[in-house]
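Undergrad: what follows is a protein structure lacking sequence information:
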Ligand SMILES: Cc1ncc(COP(=O)(O)O)c(C=O)c1O
């Protein structure tokens, strides 16, 4: 059968591959501790769920404006202005079916065939496919493996075909947060070379040091930065499929055209949950952040005691562990012999590392680390 060569060029998700193997073992009755998934283990806070249910009961089951419910668009615009210091008019907001959808649409909106996109590695698994689906060519630039900050390699990677730089801080998979010198370097190169920045800030609420500085708030950057964010990680809403982008109006308008002919809009009653999340009591976010922080310190201490070096885990809910050698083989050994599922760094262009998600209850994390330690 003759199928699309565009899709053939896209690998199935490597993070799902190990998670699927772990699930198959679990189905067979094996007690696998899965630290491979990228989602909070908490349930969505009740007031958000109730707002969605109330919307359904009121009959909010019809089409909504393509850019999103006005109340949600307004809440996102004020969050961008007040919290992120990004000048933002509601006309610069697009509500999407998750942050991933926003990234896909942004690439569709900006790229022409052969345009290059600089992706900082280690990188989250979906940037490359989103670039390729839009006809772009990813150019991978590694951060400094000692500090997880940028080096001059960024400047060397930018050429005449470069159109976009993808930034993800706090990072999935490393948990690292870019410092002001790294952000400055990205801003300078974007302004000098007339590039668009795509700043994926989905983990912005999960930081364990000083608060995050949004790339779009740096002088001169608002007019060339698409800031992507969503509800999945901050509010434990992965299954709701709700996210957004704010950015320069011409780009957001093009993204809205893509959305208009694909998903049409985010789900109407789901968006009512989003309004409750952004405008309601934020203490639930802090409760989850503190729980992640406690687990983070526990996991980092245990790994350090075993002699492993980790990336600076200043954000998100991942420990990125240097194991050296064949990370795929090590992940397979941890799964087969310790019954602990983690993700090989190769999935993120970082061979020799493993990503361990600490979005799991402390007793399970403790048991997982005991099993890994017992491997020797
Ligand atoms: C860095 C990063 N960006 C975006 C996403 C996608 O989030 P959403 O569930 O809103 O599509 C994820 C999910 O794992 C992620 O880790």
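TA: Great, that's in hand. This one's a predicted model, so the numbers in the text were calculated from it and none came from an experiment. Numbering: from 1, shown residues only.

Undergrad: run a quick neighbour tally on residue 335.
TA: 21 (other CB atoms under 10 Å). (Glycine included, C-beta is placed from N, CA and C.)

Undergrad: touching, residue 345 and residue 318? I think so.
TA: No: the pair residue 345 / residue 318 is not scored as a contact, 11.0 Å apart, by CB atoms under 8 Å.

Undergrad: which residues do the two both contact?
TA: Residues touching both residue 345 and residue 318 (CB atoms under 8 Å, 6 or more residues apart in numbering): 173, 355.

Undergrad: the two: which has the busier surroundings?
TA: Each of residue 345 and residue 318 has its neighbours counted (other CB under 10 Å); residue 318 has more, 30 against 26.

Undergrad: surely residue 39 is within a helix?
TA: No: counting by DSSP: H, G, I helix; E, B strand; the rest coil, residue 39 is not found in a helix; it is coil.

Undergrad: leaving out chain neighbours, which residue sits closest to it?
TA: residue 238 (4.4 Å; CB to CB, 6 or more residues apart in numbering).

Undergrad: so how far is residue 348 from the one you found?
TA: 19 Å (CB to CB, to the nearest Å).

Undergrad: do the same with residue 20
TA: Distance, residue 20 to residue 348, using CB to CB: 18 Å.

Undergrad: with neighbour numbers in mind, choose between these two.
TA: Between residue 20 and residue 348, counted using other CB under 10 Å, the more crowded position is residue 348 (23 against 14).

Undergrad: could you verify my assumption that that one touches residue 173?
TA: Yes: with contact defined as CB under 8 Å, residue 348 reaches residue 173; the gap is 4.7 Å.

Undergrad: any buried residues in the least confident helix or strand in the chain by mean pLDDT, and which?
TA: Ranked by mean pLDDT, DSSP states H and E, the weakest helix or strand in the chain is helix 14-27, scoring a mean of 81. Neighbour-count burial for helix 14-27 flags 15, 18, 19, 21, 22, 25 (criterion: 16 or more other CB atoms under 10 Å).

Undergrad: can you give me the helices for the stretch 151-300 of the chain?
TA: 153-157, 180-192, 249-260, 268-279, 283-305 (DSSP state H, counting those that start in this stretch).

Undergrad: and those: which comes nearest residue 169?
TA: Ranking those by proximity to residue 169 (CB to CB) places helix 180-192 first, at 7.9 Å.

Undergrad: list the contacts of the spatially closest residue to residue 372 that is not a sequence neighbour.
TA: Nearest residue to residue 372, sequence neighbours excluded (CB to CB, 6+ apart): residue 338, at 5.4 Å. By CB under 8 Å, 6+ apart, the residues touching residue 338 are 368, 371, 372, 374, 375.

Undergrad: which ones are touching the last one?
TA: Going back to what we said before, that points to residue 375. For residue 375, the contact set (CB under 8 Å, 6+ apart) comprises 333, 334, 337, 338.

Undergrad: repeat the analysis, applying 6 Å as the threshold.
TA: Applying CB atoms under 6 Å, 6 or more residues apart in numbering to residue 375 gives the contacts 337, 338.

Undergrad: for it, give its distance to the ligand.
TA: Applying CB to the nearest ligand atom, to the nearest Å, one obtains 28 Å for the distance of residue 375 from the ligand.

Undergrad: the residue nearest to residue 39 against residue 232, yeah?
TA: Yes: with contacts counted by CB atoms under 6 Å, residue 238 reaches residue 232, the gap being 4.4 Å.

Undergrad: the stretch 51-200 of the chain against the ligand: which residues are in contact?
TA: When proximity is defined by CB under 6 Å from any ligand atom, the stretch 51-200 of the chain lies next to the ligand at 98, 99, 100, 124, 168, 172, 200.

Undergrad: can you rerun that using 8 Å?
TA: Contact residues (CB under 8 Å from any ligand atom) of the stretch 51-200 of the chain with the ligand: 97-103, 124, 126, 168, 171-172, 200.
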